[in-house]
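A.B. asks: Just need the structure, nothing else, for what follows:
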Amino acid sequence: MKKILVLMGIVAVYFLIGKVTMDYQVLPKEAIRIRVIGNSNQEEDQAIKKEIKTHLETYYYDLLKDVKGVDLARATIEKSIPEASQIVSSIQGNEDFTIQYGENYFPEKEYKGIRYEEGYYESLVVTLGTGSGKNWWCVLFPPLCLIEETTEEVEYRSLVVDLIQKYF
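C.D. replies: Okay, the predicted model is just below:
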């Protein structure tokens with residue numbers, strides 16, 4: 001009986017802590033974001049946005065993966081803007097776009113059950129055309145953009161589930 005009460009206590013604490021910590025994703029304080037905003041939500045404009053996102057994601061990951069410290073990352077990003085403009089221009093063609101680095105507004109977003117608060121964040125923002133389409137963003141520094149695409153298998157385990165399986 002004692003084991004069941006302890007187990008129920010662990011489960012209750014797990015769900016209470018899980019609820020509190022799962023509502024918001026806390027990014028590192030010195031994180032620098034990247035955002036690409038599509039011209040519109042038309043299929044062609046979103047395809048262009050996705051292609052630009054893919055090229056910039058790879059370019060910046062390679063550029064920043066070994067950078068130590070946010071100050072060096074900032075300097076590297078600032079120096080990279082002409083190259084980023086060339087990447088966008090080569091895909092976007094003669095269409096208008098802007099690249100802005102600094103404090104930029106991000107709306108609230110929920111992604112995979114995690115809510116990211118709206119606010120102004122240090123970021124590199126690429127706006128295609130009118131910028132009225134859907135956008136993509138992730139963390140540029142530290143370079144977290146490509147983590148999701150890793151092919152490495154990761155197994156997540158839960159202490160509570162392990163305890164339940166052990167005793168039941």
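A.B. asks: Next secondary structure after whatever helix or strand Asn104 lives in?
C.D. replies: For Asn104, the host element (DSSP states H and E) is strand 97-106. Next helix or strand after strand 97-106 toward the C-terminus (DSSP H and E): strand 109-111.
A.B. asks: Which secondary structure elements does that following strand sit against?
C.D. replies: Using 3 or more Cβ pairs under 8 Å, 6 or more residues apart in numbering; DSSP states H and E, the elements in contact with strand 109-111 are strand 114-116. In short, each C-beta sits where N, CA and C put it, glycine included.
A.B. asks: other SSEs contacting the strand it packs on?
C.D. replies: By 3+ Cβ pairs under 8 Å, 6+ apart, strand 114-116 packs against strand 109-111.
A.B. asks: How about residues contacting the strand it packs on?
C.D. replies: 115-116, 137 (Cβ atoms under 8 Å, 6 or more residues apart in numbering).
A.B. asks: By neighbours, which of those residues wins?
C.D. replies: Trp137 (22 neighbours; other Cβ atoms under 10 Å).
A.B. asks: Would you map out the domains in this structure?
C.D. replies: Domain assignment for the chain by automatic domain parsing gives 2-23+157-167, 32-149.
A.B. asks: all strands of the protein, in order?
C.D. replies: 32-37, 97-106, 109-111, 114-116, 119-128, 135-141 (DSSP state E).
A.B. asks: Now render the ones you listed as JSON lines, adding mean pLDDT.
C.D. replies: Output for these, formatted as JSON lines (pLDDT from 0 to 100):
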{"stretch": "strand 32-37", "mean pLDDT": "94"}
{"stretch": "strand 97-106", "mean pLDDT": "95"}
{"stretch": "strand 109-111", "mean pLDDT": "77"}
{"stretch": "strand 114-116", "mean pLDDT": "79"}
{"stretch": "strand 119-128", "mean pLDDT": "95"}
{"stretch": "strand 135-141", "mean pLDDT": "89"}
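A.B. asks: Nearest to Ser90 among these would be which one?
C.D. replies: Ser90 lies closest to strand 97-106 among those, at 11.5 Å (Cβ to Cβ).
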